[in-house]
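Chemist: compute the structure for the input listed below.
(one chain, ligands or ions: 1)
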Amino acid sequence: MPAARTRRGTPAGLRPAARAAARRAVRLALAAALLAGCASTEAAPEGAPSPTPGDGRLVVAYAAAGTAEERAARTFLRERRVLEDAAAYAGARIALPRDVPLRAARCAAPNPFWDEDTGRITYCYGFVPDARRVFTGIDTDGGAAGRAAVDEDVVGLSNGVLFHELGHALVDLYDLPVTGREEDAVDQLAVLLLASGDERHADYAISTINAWGALWQASEGGDPGIAAYSDVHSLDGQRFFDWACWLYGSDPGRFADAVDAEGNPDGVLPRDRAALCPAEYERIDSSWRALLGPHLRER
Ligand SMILES: [Zn+2]
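Modeler: Predicted structure coming up:
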């Protein structure tokens, strides 16, 4: 993940999408190394459960939390059943070749990751406060409504990131072919999972889109630098537009407000890109269905 970047001015036209527009303006500037995740070489926390055959689901476990912030994150995750619900949602749709631990734990860097060596997905306690800082700048209502919106966004982004990591797990465990960036391919799976579900999960996608927007906005106008250009992930701004495009493409009628159009100047998606999004989504859908084939529980 790129190091902290220089904050610059507000990008013109970067406004919230769709129905979430009014309450979740993308306004925060934040210098953050959030959401790097992925392909970590970090050692698995001690005491992590070993992979078991099972029936191919994510199996949630909680490791000890250290700091007060981590303990608060652990409580938040448990009370909201963030990991359990994400595991159940994914498990209803996709079968893994064996049970895969989804473990909440302390991490050196607070970015959730899939570890091919240990065969586990780790969700880092430190991700919760980091995400909360991102959304606190977006949901500017400091009252109870604002705090509730931040909590919901943290849950939403957590789902977006967890399904991204699930994508890495699937690629490795099933040895799926990937050409181009694997990071983009698994982003596509995450959008596909979120967009093909209920309203709540579409909202989770919007939370994730707004996080990319905030991170991008934090660096907009500046040169992202060598670390970002050479990174395995697409740039934050690209992920913002890609996720917005694919969510819009999943149901153009429902997410029409996302498009910059006459009468809707606040739409975030330039119409030239928007015109391609339904076909992009269709390709993503058919490609992942072809890749997962018999491993889909829902067809
Ligand atoms: Zn990744």
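
Chemist: nearest spatial neighbour of the residue in the stretch 101-250 of the chain that the ion sits nearest to, chain-adjacent residues omitted?
Modeler: Per CB to the ion, residue 183 is where the stretch 101-250 of the chain lies closest to the ion, at 4.7 Å. Any C-beta I mention is one placed from the backbone N, CA and C, and that applies to glycine too. Leaving aside its chain neighbours, residue 183 sits nearest to residue 233 (4.6 Å; criterion: CB to CB, 6 or more residues apart in numbering).

Chemist: and the gap between the one you found and residue 162?
Modeler: 16 Å (CB to CB, to the nearest Å).

Chemist: any chance you could map the helices in the stretch 51-200 of the chain?
Modeler: Using DSSP state H, counting those that start in this stretch, the helices of the stretch 51-200 of the chain run over 68-80, 82-91, 127-136, 144-173, 182-195, 199-219.

Chemist: list the buried residues of the helix or strand following the last one.
Modeler: Sequence order places helix 226-229 as the next helix or strand after helix 199-219, per DSSP states H and E. By 16 or more other CB atoms under 10 Å, the buried positions in helix 226-229 come out as residue 228.

Chemist: could you give the average pLDDT over helix 226-229?
Modeler: Model confidence over helix 226-229, given as mean pLDDT, is 92.

Chemist: by contact count, what packs against the next helix-or-strand element following it?
Modeler: Downstream of helix 226-229, the first helix or strand assigned by DSSP H and E is helix 236-250. Helix 236-250 is packed against helix 182-195, helix 199-219, helix 271-274, helix 277-292, with contacts defined by 3 or more CB pairs under 8 Å, 6 or more residues apart in numbering; DSSP states H and E.

Chemist: quick one, which of residue 233 and residue 162 is more surrounded?
Modeler: residue 162 (26 against 21; other CB atoms under 10 Å).

Chemist: that one - nearest residue in space that isn't next to it in sequence?
Modeler: Using CB to CB, 6+ apart, the closest residue to residue 162 is residue 86 (4.8 Å).

Chemist: how many residues are close by the one you found?
Modeler: 25.

Chemist: pLDDT below threshold where in the protein?
Modeler: Scanning the chain with the threshold set as pLDDT under 70 gives 1-52, 140, 221, 299.

Chemist: do that again at 80, thanks
Modeler: Scanning the chain for pLDDT under 80 picks out 1-53, 137, 139-142, 219-221, 298-299.

Chemist: gap between residue 93 and the ion?
Modeler: Using CB to the ion, to the nearest Å, residue 93 is found at 19 Å from the ion.

Chemist: surely that residue touches residue 289?
Modeler: No. With contacts counted by CB atoms under 8 Å, residue 93 stays clear of residue 289, the gap being 10.9 Å.

Chemist: anything in contact with each of those two?
Modeler: Common contact partners of residue 93 and residue 289 (CB atoms under 8 Å, 6 or more residues apart in numbering): residue 296.

Chemist: of those two, which one has the most company?
Modeler: residue 93 (18 against 12).

Chemist: give me the three-state assignment for the closest residue to that one other than its chain neighbours.
Modeler: Spatial nearest neighbour of residue 93, excluding adjacent residues (CB to CB, 6+ apart): residue 298 at 5.0 Å. Using DSSP: H, G, I helix; E, B strand; the rest coil, the three-state assignment for residue 298 comes out as coil.

Chemist: ranges for the strands of the stretch 1-150 of the chain?
Modeler: Counting by DSSP state E, counting those that start in this stretch, the stretch 1-150 of the chain has strands at residues 58-62, 100-105, 113-115, 120-124.

Chemist: distance to residue 138 and mean neighbour count added to those, as TSV?
Modeler: Below are those laid out as TSV (distance: least, CB to CB, whole Å; neighbours: other CB atoms under 10 Å):
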stretch	distance to residue 138	mean neighbour count
strand 58-62	28	19
strand 100-105	24	24
strand 113-115	25	24
strand 120-124	21	25
